[in-house]
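In: Build me a model from this:
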Amino acid sequence: MSRDLLRSSASSARPDLLGFGDALVSGAENYPNRRWRENLAAPDALQRYVAEWSPGFGAALLREMTPQIREKVESPYESLLRFVLHDSGYPELTVQHSLRVRGKEVARPDCADLEAKIAYDFEGLGHLVSPKQWRRDIQRVRQITNLGWHSERLTVSDLWPDPSAFVAHAHALRERRLRLLGKL
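Out: The predicted structure is shown next:
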């Protein structure tokens with residue numbers, strides 16, 4: 001697959017391979033448009049397979065992307081968010097970080113910058129068309145803010161086809177948050 005992705009579209013091969021790898025190892029039952037319910041492989045098994053694979057066309061791409069695959073990802077857009085920011089030099093985000101108050105989970109952002117306390121949530125169409133989901137999203141933003149975090153919501157247009165404006169925003173936001181938190 002790595003070889004085929006490189007041949008079809010070298011510019012999107014890296015994020016596409018990351019998204020596919022995340023989908024393979026994710027145990028999320030709510031992963032959209034996926035035909036299987038459980039993970040099909042463990043990250044360490046993928047690492048072994050990649051290390052054992054011959055050094056043919058696409059092998060270098062596999063070796064580059066496999067260490068970035070994460071188990072808890074719940075959508076391809078979470079993979080794309082992580083890829084776009086990490087590729088820009090942003091520190092690695094934590095996937096599905098649980099924010100708790102007195103032991104009870106109040107929010108679980110798609111991705112989190114733990115140092116800057118930024119909760120990144122991708123808003124797909126399900127968030128737009130479901131009034132119940134929309135109300136939960138609004139409440140979640142308040143809960144995240146009350147915990148001293150910044151809630152950053154984004155859509156596919158922030159990431160595709162040109163993520164440069166979002167990437168600049170995320171880096172500036174991170175710097176502001178680190179200053180606010182006395183970490184810069």
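In: Quick one: residues contacting the residue lying closest to residue 144 once chain neighbours are set aside.
Out: Nearest non-adjacent residue to residue 144, counting by Cβ to Cβ, 6 or more residues apart in numbering: residue 151, 4.3 Å away. In this view, the C-beta of every residue, glycine as well, is placed from N, C-alpha and C. Counting by Cβ atoms under 8 Å, 6 or more residues apart in numbering, residue 151 touches 109, 119, 121, 140-141, 144-145.
In: avg pLDDT for the host helix or strand of residue 151?
Out: For residue 151, the host element (DSSP states H and E) is strand 150-154. The pLDDT scores in strand 150-154 average 97.
In: quick one: strands adjacent to that strand?
Out: In the sheet, strand 150-154 lines up against strand 118-122 (parallel) (DSSP bridges).
In: Could you tell me the phi and psi values at the residue nearest the centre of the chain?
Out: The centroid of the chain falls nearest to residue 78 when counting by Cα atoms, centre = their mean (3.1 Å). The phi and psi values for residue 78, taken as degrees, to the nearest 10, are phi -70, psi -40.
In: ok, the nearest residue to residue 140 once chain neighbours are set aside - contacts?
Out: Spatially, and ignoring its direct neighbours in sequence, residue 140 is nearest to residue 107 (5.0 Å; Cβ to Cβ, 6+ apart). By Cβ under 8 Å, 6+ apart, the residues touching residue 107 are 98-99, 119, 140, 143-144, 147.
In: Now tabulate those in a markdown table and tack on neighbour count and pLDDT.
Out: Listed next are these as a markdown table, based on neighbours: other Cβ atoms under 10 Å; pLDDT from 0 to 100:
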| residue | neighbour count | pLDDT |
| --- | --- | --- |
| 98 | 12 | 97 |
| 99 | 19 | 97 |
| 119 | 26 | 98 |
| 140 | 19 | 92 |
| 143 | 16 | 95 |
| 144 | 22 | 97 |
| 147 | 15 | 97 |
